[in-house]
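*Asks:* dropping a prediction and its sequence here:
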Amino acid sequence: MQVPQLSNGVLLRALAADSMAEPFIVQVLDVQALQPKEGNNQKRGKLVISDGVYKCIALLATQLTPLLESGQLQKYSILQINEVVGNRKLGNSSSAANKKLFIVLSLDVLGPGPYPQMIGNPQTPPDGPAGAPSAAAGNGIGNTGPYGGPPGPQAGGYGAPPPPMANGTGMYAAPPRAATGQYGGGPTADGMQQQPHAGGMYGGPGPNGLGTAPFGNSANAGGPGSTGMYGGPPQAAAAGGPSSGMYGGAGPQYGMGAGPVTQTNEPLRIVPVKSLNPYLSRWTIKARCTQKGEVRRWSNPRSEGKLFSFDLVDKDGTEIRATAWNDQVDHFYDMVQVGHIFMISKASLKPRNAKFNNTPHEYEIYLERSSQLTPCEEDQETATIPHIMFSFKKLAELETIEAGQVVDVIGVVDSVDPWNIITRRDGTETRKRSMVLRDDSGRSVEVTLWDKFTSMPGDELEGKVREGQRPVVAFKGLRVGDFNGKNLSSLSSTTVQVDPDRPEAGYLRNWYDVQGGSSMAVAALSEKGGGGGGRQDRRITLKQIKDEGLATDGNTAWVSVLGTIAHIRTENMVYPACTRDFNGRPCHKKLGGQEGSWWCERCGAGVDEPAWRYLLSVQAEDHTDHTWLTAFGEAGETIMGCTAQQFSQPENMDSAAFASIVSERSFVPYNLKLKIHQDSYGDEQKVKVCWHSPCSYCSPCRVCASGTCDHLQKVLLENLIHHI
């Protein structure tokens, strides 16, 4: 086998550069697979490569991991590396800069297989920052060696002594040429005392034949040729001209002419999104915003805040997500517009959390206080940047995708249901619409549209289906669920396109209309009502709550109980609630302060007028047991039969009327929809039972027909007799 020709010595140049897009040939000396860090499931490859002269470490970008997993990268393989991020960009500290490694962004494996042995005798590159000039690299005006060493072709840099003066005299009291006396001059061949040169340092001789005694004691100090230091004024300064000395002079200074000096005002360099990694110290990307999420608020026992995210894609089609937190939300949210081009710099990179981020990039951009986000005008270059990127999954693939993952799908609409209003677990209402998609993989799936998507595009899709059309719909960012089979649900960041101008849509259109897809039998991945919102609460008795130990394991239980209200506590029945939105929903937290100066701690803002809400404590009974419940908001309104505003000032109410209202609401059967969960009171954990949604009076049903209501009537009668 012919010995491959490697790019000898190229690794030293690659380590010194910010980046290299010039192809070069190397050999693999070792291959390792790096285990992913916690919270990051993407593997990476690590290679030791050689150019025949030098060897170093090369990390593979995540898009090259398939080459490692497929076994194409082996020991002694010959590679053509097409693009790298060099060592100078792999960190801010000197220790990071000394690492002999770079990141490979693109490569090709050459030859039919690995070469049978190592080529050459490669060595580790010399110590020192990659790309730092050697001691012999200077300004070329002298021949003094570095650190007092023998003369070289050029003066040294980075700590090497400055070059000698033009006449050969040294600095720092270095002796002049042999023709002159040492340190003030010596006798010449004719016995005459030669005048020492002025301008030497620390009393050394100068260059013009005029002596300068140490520390300025020369009689000629200030004379025409005087350029001495520490007492001897510079020559030009003495003559009234510009100074050329040191310590105030404009002549050669420390570091001037002694080799390259690091630039601190290096211009920002636009890099491809695929090359972003935490090792890059200075970078700028130019990308289009394809998606923008709503502002979301979060809270936990330790802190609370807000955030929003938006997705970006560059001209190479690589996607990445950017997120702003707290104060940065206010700064960047209005600036970010979908479809616009931005340049982003001075931000940080962190590993993405696949649970919340479905972009393919390994990292996520975090905008900080110093981050810069600059809008750009559309031009010929930005016209090539896509407006949206899809990564479609066939519906058949959903069978093997875990619940909670976010996917892109495209399919033909089979059916669209009317939207309806449901009550969330927290008691708020929202709109929901279900539809069914099918594709050429022989599967159909139920897609649930929530909130804004029920009307746009929900209304449009419903109208088209009623007219007999079957539009093709592309979804970006649907969450996979597994309730009653596989199903998909929209998120606030979901993007929907109806009959998009895409090759995949044209293929499905042809499959459905021409190739018989409309009559093809498909297997349903979802049972009806599997898209969420169709939870059927288990019917139990109050005694079962205690007997089964519901919520004692930390899990929340949702149940339904037929019971009656035996007692309503009349103290603190209502509270002033915040009217602001928190994370896209009404806040409803209790306000502090008083009339005219209300304040919400959660939102961190004042409120002009509160919304009064119920916080009822009631005792419920059924034929098996009794328990205390807490009824919030709408559930309280159903019990009391009026709004909480009427009880906001109980001192102004007629006591007889108040007692009458409370009395009328007792001993009436209800269908109690209960939320049972653990709550903390100091260091103690207690089970709390809440009436979580508007209740209804008991009406005939299968349970009532079985005789349960007979027991309720017996309980009501016994309670009435007891109170009489």
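*Replies:* That came through, no problem.
*Asks:* when you work out contacts or count neighbours from here on, use the C-alpha atoms and nothing else.
*Replies:* OK.
*Asks:* for the closest residue to Pro669 other than its chain neighbours, helix, strand, or coil?
*Replies:* Of all residues not flanking Pro669 in the chain, Thr564 sits nearest, at 4.4 Å (Cα to Cα, 6 or more residues apart in numbering). Assigned with DSSP: H, G, I helix; E, B strand; the rest coil, Thr564 falls in the strand class.
*Asks:* how many neighbours does Thr564 have?
*Replies:* By other Cα atoms under 10 Å, 26 other residues sit near Thr564.
*Asks:* confidence score at it?
*Replies:* At Thr564, the pLDDT value in this model is 88.
*Asks:* doesn't Ala620 make contact with it?
*Replies:* Yes. If you go by Cα atoms under 8 Å, Thr564 and Ala620 touch, sitting 5.5 Å apart.
*Asks:* mean confidence score for the one helix or strand Gly463 maps to?
*Replies:* Assigned by DSSP states H and E, Gly463 belongs to helix 458-466. On average, the pLDDT along helix 458-466 is 91.
*Asks:* packing partners of it?
*Replies:* Contact partners of helix 458-466 among helices and strands, from 3 or more Cα pairs under 8 Å, 6 or more residues apart in numbering; DSSP states H and E: strand 406-416.
*Asks:* could you give the angle of the strand it packs on to helix 458-466?
*Replies:* With axes from the mean of the first three to the mean of the last three Cα atoms, to 10 degrees as the basis, strand 406-416 and helix 458-466 are set at 50 degrees to each other.
*Asks:* export strand 406-416 as PDB, just CAs?
*Replies:* Taking Å, rounded to 0.1, in the frame of the first residue of the first chain, the C-alpha atoms of strand 406-416 are listed here in PDB:
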ATOM      1  CA  VAL A 406     -41.700  17.300  20.900                       C
ATOM      2  CA  VAL A 407     -41.900  16.500  17.300                       C
ATOM      3  CA  ASP A 408     -42.800  17.900  13.800                       C
ATOM      4  CA  VAL A 409     -45.400  16.100  11.700                       C
ATOM      5  CA  ILE A 410     -47.200  16.600   8.400                       C
ATOM      6  CA  GLY A 411     -50.400  14.900   7.300                       C
ATOM      7  CA  VAL A 412     -53.700  15.100   5.600                       C
ATOM      8  CA  VAL A 413     -56.700  16.200   7.800                       C
ATOM      9  CA  ASP A 414     -59.200  13.400   8.200                       C
ATOM     10  CA  SER A 415     -61.700  15.100  10.500                       C
ATOM     11  CA  VAL A 416     -62.000  18.200  12.700                       C
END
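*Asks:* so which residues make contact with it?
*Replies:* If you take Cα atoms under 8 Å, 6 or more residues apart in numbering as the criterion, strand 406-416 is touched by 358, 390-395, 433-439, 458, 461-462, 465, 470-480, 504-505, 508-509, 512.
*Asks:* coming back round to it: so in that sheet, which strands flank whichever helix or strand comes after the helix holding Gly463, and in what orientation?
*Replies:* Downstream of helix 458-466, the first helix or strand assigned by DSSP H and E is strand 472-481. Sheet pairing of strand 472-481 (DSSP bridges) gives strand 406-416 (antiparallel), strand 487-498 (antiparallel).
*Asks:* of those, which shows the lowest average pLDDT?
*Replies:* Among the strands paired with strand 472-481, strand 487-498 scores lowest, at a mean of 90.
*Asks:* if you count neighbours, what's buried in that strand?
*Replies:* By neighbour count with 16 or more other Cα atoms under 10 Å, strand 487-498 contains the buried residues Asn487, Leu488, Ser489, Ser490, Leu491, Ser492, Ser493, Thr494, Thr495, Val496, Val498.
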